[in-house]
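Novice: Structural data only, the sequence is not supplied:
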C-alpha cells in the first residue's frame with residue numbers, strides 16, 4: 001500500500017490516518033486536505049468514501065473545473081435559479097457571495113473546525129446575510145446526541161446548526177434578547193457551553209477541541225454576561241449604605257445617567273434608582 005495521497009502524491013501523516021485511513025474503493029488513500037477539497041464537491045465522500053475510486057474523484061474534479069470555467073465565460077444577465085433549503089430560498093449568486101464572505105470571516109477568526117462540520121458550514125449562507133458578521137464559531141453539538149454541529153455567534157444572535165450523517169440540517173436560532181446568561185462548564189474531555197434562556201437551559205457539548213470552545217466562550221461571554229449589569233448592582237448596593245457622602249451620591253447619580261443614556265436603564269428604572277439615592281441626602 002502506498003504511503004502517499006492518491007490525489008496530490010504527498011506523503012501521508014499520522015493526522016491523515018488518526019481516525020482511520022481515508023481509503024477509496026480501489027485501495028488508494030487520500031490525505032485529509034484532499035478529502036476536504038473533494039468533499040466540497042460531493043458531501044457523500046465524507047460518509048461513504050469507500051464507494052468511490054480515484055478515477056471517480058478525478059472525474060468530479062474535472063467536471064467541477066469545467067463548470068467553473070464556463071461560469072466565468074457566461075455573459076447572459078439572466079436571474080440565477082433559486083436554491084431551496086427548508087424555509088430559506090436564495091439565488092445561486094447570493095449563495096456564492098455569502099459563502100465567500102463567510103469563508104473570509106472564518107479565515108479571519110482562525111476558525112478551528114473539524115472536517116465533520118462541512119455540511120453545517122454549507123448551511124450558513126442560507127442563514128447569515130451579508131450585513132451580519134460572524135464574531136465567533138466553534139464545534140458544538142447538543143448534549144447526548146451523535147450529530148456533528150457548530151455554534152455560531154453574531155452581534156445579534158446565536159445559531160446552532162447540527163447534522164446527522166445522512167439527515168437534514170437542524171437549525172436553532174437564539175436571538176440575544178432571549179439569552180439571559182452564558183455559562184462554560186469545564187471538563188477534561190468535553191466542556192459544555194450553556195445558554196440560559198427564559199424557560200430552559202440549552203447545553204452544547206464541545207468534544208472536538210476544548211481549548212477552541214473556551215476561546216469561543218471568552219470571545220462572547222461579555223455580550224451575555226454584561227459587565228454593565230455589575231455597575232448597576234454596585235449602584236443598588238450603594239443605595240443600601242447607611243452613611244453615604246453627598247459627593248458619592250452625586251457620583252452614583254452621574255453613573256445612573258450614563259446607564260440611562262446608553263439604554264441599559266429605562267426612564268422608569270432610572271427614576272426609581274435616583275429617588276433612592278436622593279432620599280439619602282435628607
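Specialist: Received the coordinates, thanks. As the structure is a prediction and not an experimental result, all values here were calculated from the model.
Novice: What segments of this structure are helices?
Specialist: Counting by DSSP state H, the chain has helices at residues 32-39, 44-47, 54-73, 92-108, 118-127, 210-224, 227-239, 246-261, 267-279.
Novice: Centre of the chain to the first one, how far?
Specialist: Put plainly, it is helix 32-39. Centre-to-centre, helix 32-39 and its host chain are 22 Å apart (Cα atoms, centre = their mean, to the nearest Å).
Novice: now the angle between helix 118-127 and that helix, please.
Specialist: Orientation of helix 32-39 against helix 118-127 (axes from the mean of the first three to the mean of the last three Cα atoms, to 10 degrees) gives an angle of 50 degrees.
Novice: buried ones in helix 32-39?
Specialist: Neighbour counts over helix 32-39 (16 or more other Cβ atoms under 10 Å) mark 32, 34-35, 37-39 as buried. Quick note: C-beta positions are derived from backbone N, CA and C, even for glycine.
Novice: tell me the two of those that are most distant?
Specialist: Across the buried residues of helix 32-39, the longest distance by Cβ to Cβ is 11.2 Å; it joins 32 and 38.
Novice: what is the residue nearest the centre of the chain paired to in the beta sheet?
Specialist: The chain has residue 152 as the residue nearest its centroid, 1.8 Å off, counting by Cα atoms, centre = their mean. Beta-bridge pairing for residue 152 (DSSP bridges): residue 137, residue 159.
Novice: most packed of the helices of the chain?
Specialist: helix 118-127 (a mean of 21; mean count of other Cβ atoms under 10 Å).
Novice: Off-centre distance for that helix?
Specialist: Here the centre of helix 118-127 is set off from its chain's centre by 10 Å, with Cα atoms, centre = their mean.
Novice: Can you list the neighbours in contact with it?
Specialist: The contact list for helix 118-127 (Cβ atoms under 8 Å, 6 or more residues apart in numbering) reads 36, 39-40, 43, 46, 83, 85-86, 88, 90, 94-95, 98-99, 102, 106, 113, 148-150, 152, 159, 161-163, 169, 171, 173.
Novice: Quick check: residue 275 vs residue 263, distance?
Specialist: 20 Å (Cβ to Cβ, to the nearest Å).
Novice: All set now, cheers.
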